[in-house]
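[1] Fold the following for me, if possible:
(one chain, ligands or ions: 1)
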Amino acid sequence: MTDETRTAPHGLHHVTAIATDPQRNVDFYTTVLGLRLVKTTVNFDDPTTYHLYYGDEAGRPSTILTFFPWRDVPRGRQGTGLTTATAFSIPPESLGWWQSRLSGLDVEVVDPPRDRAAGGDDEEVLTFRDPDGLVIDLVASPGDTRSGWDGVADVPTEHAVRGLHSVTLTERDLDPTASMLTGLLGMDAEGGADRSRFAMARESGAVLDVAAATDAPEGLQAGGTVHHVAFRAPDGATQERWRDQLVEAGLEVTPILDRQYFTSIYFREPGGVLFEIATDQPGFDVDEPLLELGRHLKLPPWLEPTREQIERSLPPLRLGGEPVDGTT
Ligand code: ZN
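    Below you'll find the predicted structure:
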């Protein structure tokens, strides 16, 4: 075993959540939050459902939020054993701007900007829900040098969402999860009065918070909740070493799966949250040019033979007033 296996993942890769109506999902994340739709594809394990990816201009790892829009799924319930918040990073001076924007667009703001203690510092956070009830935090983050996506006319570049900041897991017991994060996954425990923070790297988009809630009800994973959280592996060799190490520790880990834009392994943490480790490469421009991202229904080679049937099973989708090619 080399030292490499002891290092933490390089940060968050993506978060995947469950939505209902795909068009409403596209409209919300591209126009309200100002993210770029970087891939329109299907859930490879259930090709009659879209898999929609949002992120910065290129969909760089640590900026990506994705959705499975299952049209008839009931509303989930926040609680233990779930990722209960997905946080994006914004410049500190943009909090007020976002608060007025969200209120002006009738978005359900759960908490106006407030301070919370996570890790060694206080941070200012604004919390709202998306149309399916998914909880999103906007965290004032000084020093985040990521550029975000500046392709949305009414979100000025200086206020643009920079990328993921963190996720919050709600757990009945902090200890088993904490020991996996620090022991097996090599994260640094940074403590915190309101929530326990675990850091993967010094860069932005590389922390995970655990809120211990001994009395909270068990969460129900369904519409408006997070499906899984993915961490970054710089390359396939590192991912393979991670896999060996997790298997050696007695965890059930999937084989390495080809997700077309990255390869993935999946396993569960002790509180029940599904984790994934995904590679940074090859990225979203592997099957369409950067300028065209999201504008065509893309399928991996093994699903191309059934494209006609897949296209027929999907509802039409529009992006910026134009039909997404292959979805009409
Ligand atoms: Zn994933």
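
[2] just so I have it, where are all the helices in the stretch 1-150 of the chain?
    Using DSSP state H, counting those that start in this stretch, the helices of the stretch 1-150 of the chain run over 22-27, 95-104.

[3] which one of the ones you listed has the most crowded surroundings?
    Highest mean neighbour count of the helices of the stretch 1-150 of the chain: helix 22-27, a mean of 20 (counted as mean count of other Cβ atoms under 10 Å). Quick note: C-beta positions are derived from backbone N, CA and C, even for glycine.

[4] Packing partners of that helix?
    Counting contacts by 3 or more Cβ pairs under 8 Å, 6 or more residues apart in numbering; DSSP states H and E, helix 22-27 packs against strand 46-55, strand 64-69, strand 318-319.

[5] List the neighbours of it that are in contact with it.
    Identification of contacts with helix 22-27 by Cβ atoms under 8 Å, 6 or more residues apart in numbering yields 19, 37, 50, 52, 67, 69, 71, 130-132, 315-319.

[6] Equivalent analysis for stretch 187-204, please.
    By Cβ under 8 Å, 6+ apart, stretch 187-204 touches 8-12, 62, 89, 116-120, 141, 143-146, 162-163, 165-166, 168, 174, 178, 181-182, 185-186, 206-212, 231.

[7] For that stretch, measure first residue to last.
    Stretch 187-204 has its terminal residues 15 Å apart, counting by Cα to Cα, to the nearest Å.

[8] in it, what counts as buried?
    By 16 or more other Cβ atoms under 10 Å, the buried positions in stretch 187-204 come out as 187, 192, 195-201, 204.

[9] ditto for stretch 265-282
    In stretch 265-282, counting by 16+ other Cβ under 10 Å, buried: 265-267, 269-280.

[10] quick check: mean pLDDT across that stretch?
    Mean per-residue pLDDT for stretch 265-282: 98.

[11] Relative to the whole chain's centre, how far out is that stretch?
    12 Å (Cα atoms, centre = their mean, to the nearest Å).

[12] And it, end to end?
    From its first residue to its last, stretch 265-282 covers 16 Å (Cα to Cα).
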